Each structure stands twice: as C-alpha cells, then as structure tokens.
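In: Here is the input, now give the coordinates:
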Amino acid sequence: MSGRVFPRQGGAVRTLVISNPARRNAMSCAMWQSLADQIAEADAEDAVRVIVLEGEGDLAFVAGADISTFESQRTDPEDQGRFNAALEAAYAAPGRAAKPVIAKIRGVCFGGGLGLAAACDLRVAAADARFRMPAARLGLGYAVPGVARFMHLIGIANTLDIFMTARVFDAHEAQRMGLVPEVVPVEQLDAHVDQLAQTVAQNAPLTIAALKRAVGALAGAQVQEIAAREELREALARCAQSADYLEGARAFMEKRAPQFRGR
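Out: Residues are numbered from 1 along each chain as shown. As a prediction, this is how the structure comes out:
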C-alpha cells in the first residue's frame, strides 16, 4: 500500500496524519478503513479529548480517493461494495465519535477529502486551501447521507453549485459558503489549530458528547429513510455500472477531458 494513516501523540489532542504525499494524500480503500479505525481508537482512549485530522506535507489535506485504484477496486460490484463501505465508515467516524474532530486543511481538499472535512465537527483552512467536488467529472454517484451533510452545512444552492459545476474554489469562498468558519494565514495554521484544540480539550467532555449526539440526531433526521428509497439506489447503481464511470476515471488518469455519453 502506498499510503497510510498514522497517529501523532499529543496528550489530550490526538492528531491523525493522512500520508500519501506522492499522490497528494489520495486515499486507498485500506487508508479509508484505517482512518475510521484510528478515529474509533482515539475516541475510546480516556486521555484523548480532541482528534485532529491533517494531511502530510504542505500540498494537500486529502486529494480524494486514489483514482489509480478505480479500475482495480471500484468496477467489480463486490470491490465497489468494499470500497464504499470503507469510505462511508470513514465519513461516519467523526460523527460517531463522542469527542470533537477537527479538520486542519492545507492545500488541496478535493472529492473524498472534501467529504471527509464536511464530516468533521470543526474545520480550519489555511489561506492556500483549494476545494473541489469532482464527482460529475468522474461519473460518480454521491450517496444521500453525503449530499445531506453538505446541504446541512452549506445549504441547497451551494451544494448544487459545487456538485454540478465540479469547479475549484478557494478558502475565502469556502468561508463565504459556511464550509469553513475560519481562514488563517498559512504560517499561522499550526498554532491556530493547536490553540483551538487545546481550548476545546479544556471543556466538559460529557457536554460535548451530548451536543454531538443532539446535532447528529437533528441533522440525520429522515436521511436513512430517504437513502433507502429504491429509485435512489437504482440511480446510484446506474452511475457505478456505467461506461461514463470508467471513462471519467480513465480521462482523469490520462489528463484529458472526459467524453460522457449518459450510459
């Protein structure tokens, strides 16, 4: 495996480093599962009060799923199922944790990285952060819980915008949307996130845990019921089994514009 997720000890603050610098911290199936497992492990440790997620290096938080694995890991239905389960486990892990999870964002935050950041409780972006949701350029269907997460966070209009255009937007536009409450100069990011994490870590853990459960219950109301609807499952399956899906992944790898045919 080319990438990994590893913990960095820090007393009450546990930092989990997403490391695949050769691919701007793009995530394989194993990395998504490892991230979910390590968030759960940190949450279970009494000494840990706050969990911080960061990408290794200066170029990226997470560039998304590792596109180079798409044809080997995401075309066969069984492989797709394993990948999607690992991805959803990683997205769900921050919300399942009783402890607050902070996304520390530098550089590229695309696709699965943007979905992961949206799943965290708090987000801080450096001024050099860039965001993109490229699903429509890859022929990917985006699951209902993920779409709902963005709608609750940035509203319907902004959700439709970033998904339909698949455009790149900067940290200040992300702040305008409400995706990131704070944008700080690059040189201040480490100190700012450290201070934020320490401030949160000093507060009552049971109060924070109760707040997270309340917010999760309110934000998740009806989402699972909607996600279970047959027509939505069929629409997502059509994306996953389409020729456009293969074309999107190949075009991305070949650095060319995809030629989609709607089938």
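In: When you work out contacts or count neighbours from here on, use the C-alpha atoms and nothing else.
Out: OK.
In: Where do the strands of the stretch 101-250 of the chain begin and end?
Out: Along the stretch 101-250 of the chain, counting by DSSP state E, counting those that start in this stretch, strands occupy 101-105, 108-110, 122-126, 130-132, 169-170, 182-184.
In: contacts for the fifth one?
Out: When contacts are taken as Cα atoms under 8 Å, 6 or more residues apart in numbering, the neighbours of strand 169-170 outside the stretch itself are 128, 129, 130, 131, 132.
In: again, only using 10 Å
Out: 107, 108, 109, 125, 127, 128, 129, 130, 131, 132, 133, 162 (Cα atoms under 10 Å, 6 or more residues apart in numbering).
In: returning to that earlier point: so for residue 190, which of the strands of the stretch 101-250 of the chain sits nearest?
Out: For residue 190, the closest of the strands of the stretch 101-250 of the chain is strand 101-105, at 8.5 Å, according to Cα to Cα.
In: Please name the strands paired to the closest one in the sheet, noting orientation.
Out: Strand pairing for strand 101-105, using DSSP bridges, gives strand 50-55 (parallel), strand 122-126 (parallel).
In: that older thread, could you dump the contacts of strand 169-170 to a markdown table with pLDDT and distance to residue 18?
Out: Below are those laid out as a markdown table (pLDDT from 0 to 100; distance: Cα to Cα, whole Å):
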| residue | pLDDT | distance to residue 18 |
| --- | --- | --- |
| 107 | 98 | 13 |
| 108 | 98 | 13 |
| 109 | 98 | 12 |
| 125 | 98 | 16 |
| 127 | 98 | 20 |
| 128 | 98 | 18 |
| 129 | 98 | 16 |
| 130 | 98 | 17 |
| 131 | 98 | 17 |
| 132 | 98 | 18 |
| 133 | 97 | 19 |
| 162 | 98 | 24 |
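In: on that earlier part again, most tightly packed of the strands paired with strand 101-105?
Out: Mean neighbour count (mean count of other Cα atoms under 10 Å) peaks for strand 50-55 among those, with a mean of 25.
In: Name the next helix or strand downstream of that strand, please.
Out: Where DSSP states H and E defines the elements, the next helix or strand beyond strand 50-55 is strand 60-62.
In: Off-centre distance for that next one?
Out: Taking Cα atoms, centre = their mean, to the nearest Å, one finds the center of strand 60-62 at 10 Å from the center of the full chain.
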